[in-house]
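Chemist: below is the structure, and that's it, no one-letter string:
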Ligand code: PRP
């Protein structure tokens, strides 16, 4: 038993469901980018775990890069004001780019990232998101690949943190409310 499990009120997505869905998305990307070498940009920190599993399910050559952002909000919600903490290294001009994010809540971070990367003139730009919270969107948001739609619960694990913890849980759970309220 994982010692962090007792901080959860429930497991929302177990390891098997996550891995199965991640493999499906990886296969879809491999088939849609056949004959191309996409640049896959993981958004740190939350997207790192998803990215690591996803790229190992993609059976065509890819290049990896990372963008680190932080949004200024409180520990459980983002403000939409985004700061770039680590820029991409690759020259993505004329390249096929896929953004890999762990979660879309308000949608503000993803919009900022898309607008930022589009300024680098990629040939194409798609978005791959593990978790989507449609009820939390504060704007029109659309993705190309989505793992799961979830409700407004505060979730941790598989890259997602509360106060930097729980990212290393191999599954996704709902954090007990008393731990953050
Ligand atoms: C999380 C998540 C997204 C963003 C989603 O990042 O990884 O980037 O919030 O929220 P939004 O749709 O309301 O903008 P966070 O700022 O917590 O950083 P982290 O990835 O380092 O945990």
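Modeler: Received the coordinates, thanks. Not measured: the values here are computed from a predicted model.
Chemist: I'd assumed residue 157 was in contact with residue 173.
Modeler: Yes: using Cβ atoms under 8 Å, residue 173 is in contact with residue 157, at 5.3 Å. (Glycine included, C-beta is placed from N, CA and C.)
Chemist: need the overlap of contacts for those two.
Modeler: Jointly contacting residue 173 and residue 157 under the rule Cβ atoms under 8 Å, 6 or more residues apart in numbering are residue 166.
Chemist: who has more neighbours out of these two?
Modeler: residue 157 (28 against 25; other Cβ atoms under 10 Å).
Chemist: contact partners for the more buried one?
Modeler: 166-167, 169-173 are the contacts of residue 157 under Cβ under 8 Å, 6+ apart.
Chemist: what separation is there between it and residue 8?
Modeler: From residue 157 across to residue 8, the span is 8 Å (Cβ to Cβ, to the nearest Å).
Chemist: among the contacts of residue 157, which lie within strands?
Modeler: Among those, the ones falling in strands (DSSP state E) are 172-173.
Chemist: what subset of the contacts of residue 157 is buried?
Modeler: Among the contacts of residue 157, those buried by neighbour count (16 or more other Cβ atoms under 10 Å) are 166-167, 169, 171-173.
Chemist: can I get the contacts of residue 157 in JSON lines including pLDDT and distance to residue 29?
Modeler: Formatted as JSON lines, the contacts of residue 157 follow (pLDDT from 0 to 100; distance: Cβ to Cβ, whole Å):
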{"residue": "166", "pLDDT": "98", "distance to residue 29": "27"}
{"residue": "167", "pLDDT": "98", "distance to residue 29": "23"}
{"residue": "169", "pLDDT": "98", "distance to residue 29": "25"}
{"residue": "170", "pLDDT": "97", "distance to residue 29": "22"}
{"residue": "171", "pLDDT": "98", "distance to residue 29": "23"}
{"residue": "172", "pLDDT": "98", "distance to residue 29": "21"}
{"residue": "173", "pLDDT": "98", "distance to residue 29": "27"}
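Chemist: out of the contacts of residue 157, which is nearest to the ligand?
Modeler: Here the nearest of the contacts of residue 157 to the ligand, counting by Cβ to the nearest ligand atom, is residue 167; it sits at 7.6 Å.
Chemist: leaving out the residues flanking it, which one is nearest to the closest one?
Modeler: Excluding its sequence neighbours, the residue lying closest to residue 167 (Cβ to Cβ, 6 or more residues apart in numbering) is residue 161, at 4.8 Å.
Chemist: and that neighbour, what does it touch?
Modeler: Neighbour list for residue 161: 45-46, 167 [criterion: Cβ under 8 Å, 6+ apart].
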